[in-house]
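Undergrad: would you be able to build a 3D model of this:
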Amino acid sequence: MTAYVFPGQGAQFVGMGNEISEKFPDAAHYFQKANAILGFDIETIMKTGTIEELTRTEVTQPAIFIHSVLMAKSLPEFKPCMVAGHSLGEFSALVAAGSLSFEDGLKLVSIRANAMQKACDANPSTMAAVLGLEDEKVDEICQSIKDEIVVAANYNCPGQLVISGSHKGIELAGEKLKEAGAKRVLPLKVGGAFHSPFMAPAKEELAKAILETNFSSPICPIYQNFTSHASQDGETIKKNLIDQLTGSVQWTKSVQNMIANGALTFYEVGPGTALTGMIKKISTEVTAEKLA
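TA: Sure thing, here's the model as predicted:
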């Protein structure tokens, strides 16, 4: 069985609009729609913008979404048995699998990006990658930090977990994690503590928009970040998509569940190769590759 996976924030690169335009002749039509929906010229930024412009949250998330969805549309035979997306990538996966229209997906991604930026501005916070320590130990240490918010945000693959929280909480947890044997604790250059309680104000705003949007049953099961389990029910998808913003990205378990349910080949659709690398670390029994 074949699974298609879609990347999240951090996969952007300079000139990403040129690449997708070369691969997909109808890209111009979708860029025109995107510019109108977003109210700014994302096509130009994706084609000739600087990395600084591309890494602004309100630009990054729509840019990765557009690239990923158009890449899926460019595939002559897109017949997934199952799909999943990492964080933001869950929206790309839902559009590719027919649960959301391109227009509705992009509107939600834009609302999500702007709401997250506002939450970050209101309460400064951060994230860090923890390398070389078991998930259970990282969880234990995060829970041991008192009077500060620090949580496990992204369970990416064995030996790689991202924590999210207040600056002080991340600092305190980092010291304890190193003492416990973590190979490295790397501060991430992000706007704030994504997938943590700091995103609660953004969750409220996004929830309203998601509940007002029509979701169809996707053409195949989508394995959602919040639960790591498959769903094809529109209302369940909505609930999990809302809860994802303050909940952890259960990527390791999602991939493991996809494999348990028959996935043998994984294709990464969109910019970057991060998910391909993660899947290879999760299992050596399956094939994972980036679609060029």
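Undergrad: right, and Gln256 touches Ser283 too?
TA: Yes - using Cβ atoms under 8 Å, Gln256 is in contact with Ser283, at 7.4 Å. Using the backbone N, CA and C atoms, a C-beta is placed for each residue, glycine as well.
Undergrad: if you count contacts, what does the helix of greatest length in the chain end up packed against?
TA: Once the chain is assigned using DSSP state H, the helix that runs over the most residues is helix 102-122. Using 3 or more Cβ pairs under 8 Å, 6 or more residues apart in numbering; DSSP states H and E as the contact test, the elements touching helix 102-122 are helix 27-38, helix 57-74, helix 89-96, helix 200-211.
Undergrad: helix, strand or coil for Ala193?
TA: Judged by DSSP: H, G, I helix; E, B strand; the rest coil, the three-state class of Ala193 is coil.
Undergrad: list the residues that contact the nearest residue to it once chain neighbours are set aside.
TA: In this structure, Ala193 finds its nearest non-sequential neighbour in Ser125, 3.5 Å apart by Cβ to Cβ, 6 or more residues apart in numbering. Counting by Cβ atoms under 8 Å, 6 or more residues apart in numbering, Ser125 makes contact with 149, 164-167, 192-193, 196, 198.
Undergrad: quick one: closest of the helices and strands packed on helix 102-122 to Leu133.
TA: helix 89-96 (24.9 Å; Cβ to Cβ).
Undergrad: what angle separates the closest one from helix 102-122?
TA: 170 degrees (axes from the mean of the first three to the mean of the last three Cα atoms, to 10 degrees).
Undergrad: state the mean pLDDT of helix 89-96.
TA: Helix 89-96 carries an average pLDDT of 98.
Undergrad: go on, stretch 62-75?
TA: Across stretch 62-75, pLDDT averages out at 96.
Undergrad: assign a three-state SS to Ser99, would you?
TA: Strictly by three-state DSSP, Ser99 counts as coil.
Undergrad: surely it meets Glu235?
TA: No - using Cβ under 8 Å, Ser99 is not in contact with Glu235, being 11.6 Å away.
Undergrad: shared neighbours, those two?
TA: Residues touching both Ser99 and Glu235 (Cβ under 8 Å, 6+ apart) are Phe215.
Undergrad: which of those two has more neighbours?
TA: Applying other Cβ atoms under 10 Å to Ser99 and Glu235 shows that Ser99 carries more neighbours, namely 26 against 10.
Undergrad: since that was my last question, I'll sign off now.
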